[in-house]
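give me a 3D structure for the following:
(one chain, ligands or ions: 1)
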Amino acid sequence: MYDKKCEYKNDYTMNREEVLRMITDISKEDILVTTTGKTSRELFEIRESNKQSHKYDFLTVGSMGHCSSIAFGIALQKKKTKIWCIDGDGAAIMHMGSMAKIGSNKPSNLIHIVINNNSHESVGGMPTVGGQIDFVKIAQGCGYEYTISVDNYADLEIELNRVKKMNKLVFFEVKTAIGSRSNLGRPTKSPVENKEDFMQYLKECE
Ligand SMILES: Cc1ncc(C[n+]2csc(CCOP(=O)(O)OP(=O)(O)O)c2C)c(N)n1
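Numbers count the residues shown, from 1 in each chain. This next block holds a predicted model:
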């Protein structure tokens, strides 16, 4: 069983970093809570290259599967602020129970994005079951009010702009290829600095 070869690829074409770039362009000064691994590392570098502050972002370092619960908690406290949770398929599956809790509570300011590359890309690309399950149906069953799945940039842009204006709990699957830049760095700010800047910004949000 263990000598079975894994295929480190899927049929999708979008690149996760490009997807994140589009989300940061459209989310503007909203709050982003990003999942463990390369998603958070890419977001950090996008903010650097855009010369933007990191204060909008909570980078979930370590706690795989918990970014949606963190985003949910913030959404409940800051009801006039749009909160974008950017999850991974592996992480979302690891703590899928949080979708039941979120869907039952329906915070109308939360957008739960799952970047689904069918793999644990950050740690080597080992497959998840993300390609065999229907995240949208699961989200619908949990009570999310608007659900969408996209696999190309044109639909992604249309839907990101649509959900930005929505006042509904959103579930948003984005199907992407496996892969990242070989020169991707790590955040140059510590998790504690990130948390403190973020908490400071939260004080300004209602
Ligand atoms: C509880 C726990 N288990 C394992 C890890 C190691 N780890 C960090 S990122 C990652 C893969 C995450 O996969 P996914 O959510 O699909 O995101 P991707 O890496 O594909 O962007 C793993 C296993 C961790 N941080 N925490």
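
going forward, measure contacts between C-alpha atoms and count neighbours the same way
OK.

against which helices or strands is the top helix by length along the chain packed?
Counting residues, the longest helix in the chain under DSSP state H turns out to be helix 191-204. The criterion is 3 or more C-alpha pairs under 8 Å, 6 or more residues apart in numbering; DSSP states H and E, and the helices and strands that helix 191-204 contacts are strand 57-59.

which strands border the strand it packs on, and is each parallel or antiparallel?
Sheet partners assigned to strand 57-59 using DSSP bridges are listed as strand 31-34 (parallel).

in stretch 26-45, what counts as buried?
By neighbour count, with 16 or more other C-alpha atoms under 10 Å as the criterion, the buried positions of stretch 26-45 are 27, 31-45.

from these, which is closest to residue 92?
Sorting the buried residues of stretch 26-45 by distance to residue 92 puts residue 35 at the head of the list, at 9.1 Å, by C-alpha to C-alpha.

spatially central residue in this structure, please.
residue 86 (1.0 Å; C-alpha atoms, centre = their mean).

tell me which parts of the chain are close to the ligand?
Contact residues, the chain versus the ligand (C-alpha under 6 Å from any ligand atom): 36-39, 62-64, 88-91, 117, 119-123.

pull out the buried members of the residues you listed.
Buried, going by 16+ other C-alpha under 10 Å: 36-39, 64, 88-91, 117, 119-122, out of the residues of the chain next to the ligand.

could I have the CA atoms of stretch 46-64 written out in CSV?
Extracted as CSV, the C-alpha positions of stretch 46-64 are listed here (Å, rounded to 0.1, in the frame of the first residue of the first chain):
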residue,chain,number,x,y,z
ILE,A,46,1.5,40.0,-1.8
ARG,A,47,1.1,42.7,0.9
GLU,A,48,4.8,43.4,0.7
SER,A,49,4.8,43.7,-3.0
ASN,A,50,1.7,45.9,-3.0
LYS,A,51,3.3,48.0,-0.2
GLN,A,52,0.2,47.4,1.9
SER,A,53,-0.1,47.0,5.6
HIS,A,54,-0.3,43.5,7.1
LYS,A,55,-2.8,44.7,9.7
TYR,A,56,-5.8,43.5,7.7
ASP,A,57,-4.6,39.9,7.9
PHE,A,58,-4.6,37.2,10.5
LEU,A,59,-2.2,34.5,9.4
THR,A,60,-3.1,31.2,11.0
VAL,A,61,0.3,29.8,11.7
GLY,A,62,0.2,26.1,12.9
SER,A,63,-3.4,25.5,13.8
MET,A,64,-4.4,23.7,10.7
